[in-house]
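Enquirer: After the sequence you'll find the predicted model.
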Amino acid sequence: MKRWVASVLMLAVGCTPLDVERRTERGPVLRTYVQESQLGERMPFASAEVDWPRLSLRFSTADICRTEQHVEYTENLISTHSSPGAAGAVSSGGVLTGIGGFLVLGRTLFSNTPDRDGIDRDGHYGPSSRKVATTWGVVLLSVGVPALVAGLIQLHRGGETKETRKADEMVALREVPCQPEPADGVVELTGGKGEPPAPRSTENGVLVLDAEVVRASSFKGLKLDGAPVLLEEDDRARMELFRTCAVLLSAPVDVEALAVEAKQQPEKLRRKRELVRACNTLPGAPTGPLLDALDSALSMGIREVPEAEPPPPSPALPGTEL
C-alpha cells in the first residue's frame, strides 16, 4: 500500500509542468564567407560621358549580381526550468514533517493516563496526552512528507539546460550590374515638363545629344524601347550638370550686366560662379570667359561697397560735464 501511494505521488509530481524561460546567447564567430548569385533579370542601364559640347549616353543590358556577406557563429539556447512553489513546498513540508516526527518519536514523553476531566456518553474517559500527540504527529507526517517529497522532486527537475547550435547572419548586401551587353533601341526622354522630346534611336548602343538639344529639352529620365533605364548616381549627376552648364554657357558674357548684378545681388552671383566652376569638371567646357567675368564683377562689387561711417558722438547730458 505504501509503495502504491509513493508511486502515485511520484507520478503526480513528475507530471507537474514546470515554468520554462529561454534565452539566447551569441557565441564566438566561426567563419565569414561571401555568397554570390545572379537574379536572372536583365535590365537596361545607361552611362553618361561628356565631351563638350556633346553628351553621350551609352546603353546596355545587364544582369543583377547579388553579393551577400555572411557571418557564421555559435549560438547557445539556454532553458531555465523552475517551479515557483517548489521552495515553499520544501519549507512547509520540512516544518510539518519535523513537528510530526517529533510528536510520533517523542510520544513516550507524554503521559499515557486517560483524561479524567472528560468523559463521553458511553462512560469512557478522554484520550491520553500520548494518544493525542501520536494522532497529531501522524496527521502532520501525512501532510508534510508528501509536500517535502514533491518539493524536492520539483527542485531536482529544475535547473538550466544549454543547447549549442550554429547560426548564420547576413551582415551586408550589395547588388550591382554584371555581364553587360550593348543594347540598341528607341530612346525616350521622359519626366520633363511640357511636350516630351521626340524619341531617338541609338547607334551601336550610343545616343549622342549636343548642348543645344539638351538645353531645349526637358527630361529627367530615360526609357529604352519602353522600359525604364537605370542610371548610377554619378551618371545621373553628370547628366544634370551637363544640362545646367548648357544653359549657363550658352548666354553671351555681358560684363556690365554682371557688374550691376554684383552690386545688387552679390550672393546670387556667387552661387552662379560656383555652378560655373562645377562645369570645369566637364571635359572641354568653355568656362574661362564667363568665370573671368564673374570674378572681375564680384571683385569690383566688393571694392565699391562704401565703408560704414562711425556713428556721431552722443551729446552730453546737462549736469554730466566734468
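Expert: Arrived safely, thanks for sending. Here the structure is a predicted model, which is why all the values come from computation and not from measurement.

Enquirer: Give the buried residues for stretch 239-246.
Expert: The neighbour-count check on stretch 239-246 (16 or more other C-beta atoms under 10 Å) flags Met239, Leu241, Phe242, Arg243, Cys245, Ala246 as buried. (Each C-beta comes from the backbone N, C-alpha and C, glycine too.)

Enquirer: Give me the contacts around that stretch.
Expert: 48, 50, 53, 55, 57, 211-212, 214-215, 231, 275-276, 278-279, 281-282, 285, 287 (C-beta atoms under 8 Å, 6 or more residues apart in numbering).

Enquirer: I'd like the average pLDDT over it.
Expert: Mean pLDDT, stretch 239-246: 90.

Enquirer: what do you get for stretch 64-83?
Expert: 87.

Enquirer: For that stretch, list the C-alpha coordinates in CSV.
Expert: What follows is stretch 64-83, C-alpha atoms only, in CSV (Å, rounded to 0.1, in the frame of the first residue of the first chain):
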residue,chain,number,x,y,z
ILE,A,64,21.9,42.0,-61.4
CYS,A,65,24.6,40.2,-59.4
ARG,A,66,23.9,40.0,-55.7
THR,A,67,26.8,39.7,-53.2
GLU,A,68,25.9,38.7,-49.7
GLN,A,69,28.4,38.7,-46.8
HIS,A,70,27.6,36.2,-44.1
VAL,A,71,28.9,35.5,-40.6
GLU,A,72,28.6,32.0,-39.1
TYR,A,73,28.7,31.8,-35.3
THR,A,74,27.7,29.6,-32.4
GLU,A,75,24.5,30.3,-30.6
ASN,A,76,23.7,29.0,-27.1
LEU,A,77,20.0,28.3,-26.3
ILE,A,78,19.7,28.3,-22.6
SER,A,79,16.4,27.0,-21.0
THR,A,80,15.8,27.6,-17.3
HIS,A,81,13.2,25.2,-15.7
SER,A,82,11.7,26.2,-12.4
SER,A,83,8.7,25.7,-10.2
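
Enquirer: How far away from the center of its chain is that stretch?
Expert: Chain-centre distance of stretch 64-83: 17 Å, with C-alpha atoms, centre = their mean, to the nearest Å.

Enquirer: what's the answer for stretch 178-192, then?
Expert: Put simply, stretch 178-192 sits 35 Å off its chain's centre (C-alpha atoms, centre = their mean).

Enquirer: can you list contacts of that stretch?
Expert: Stretch 178-192 has contacts (C-beta under 8 Å, 6+ apart) with 38, 44-45, 57-65, 196-197, 199-205, 207, 217-226.

Enquirer: let's go with 7 Å and repeat that
Expert: The contact list for stretch 178-192 (C-beta atoms under 7 Å, 6 or more residues apart in numbering) reads 44-45, 59-63, 65, 196-197, 199-202, 204-205, 207, 217-225.

Enquirer: Wasn't Gly98 part of a helix?
Expert: Yes - per DSSP: H, G, I helix; E, B strand; the rest coil, Gly98 lies within a helix segment.

Enquirer: name the element the closest residue to it other than its chain neighbours belongs to?
Expert: Nearest residue to Gly98, sequence neighbours excluded (C-beta to C-beta, 6 or more residues apart in numbering): Gly144, at 7.6 Å. If you go by DSSP states H and E, Gly144 is part of helix 129-157.

Enquirer: Check which residues of that helix are buried.
Expert: 129-131, 133-134, 137, 140-141, 144-154.

Enquirer: Toward the C-terminus from it, list the very next helix or strand.
Expert: Using DSSP H and E, the first helix or strand after helix 129-157 is strand 159-182.

Enquirer: Parallel or antiparallel, which strands does that following strand pair with?
Expert: Paired strands of strand 159-182, with direction, are strand 54-82 (antiparallel) (DSSP bridges).

Enquirer: Please spell out which residues along the partner strand are buried.
Expert: Leu55, Leu57, Arg58, Phe59, Ser60, Thr61, Ala62, Asp63, Ile64, Ser82.

Enquirer: same question, stretch 259-266
Expert: Under the neighbour-count criterion of 16+ other C-beta under 10 Å, stretch 259-266 has Ala259, Glu261, Ala262 buried.

Enquirer: Output these as a markdown table; include the columns pLDDT and secondary structure.
Expert: Shown next, in a markdown table, are the buried residues of stretch 259-266 (pLDDT from 0 to 100; DSSP: H, G, I helix; E, B strand; the rest coil):
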| residue | pLDDT | secondary structure |
| --- | --- | --- |
| Ala259 | 80 | helix |
| Glu261 | 79 | helix |
| Ala262 | 78 | helix |
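
Enquirer: would you list those residues in a markdown table and tack on distance to Glu160?
Expert: Listed next are the buried residues of stretch 259-266 as a markdown table, based on distance: C-beta to C-beta, whole Å:
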| residue | distance to Glu160 |
| --- | --- |
| Ala259 | 84 |
| Glu261 | 79 |
| Ala262 | 79 |
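
Enquirer: For ChimeraX, what selects the buried ones among the contacts of stretch 178-192?
Expert: Selecting only the buried entries of the contacts of stretch 178-192 in ChimeraX, with 16+ other C-beta under 10 Å as the criterion:
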select :44,45,59,60,61,62,63,197,202,205,207,217,219,222,223,224
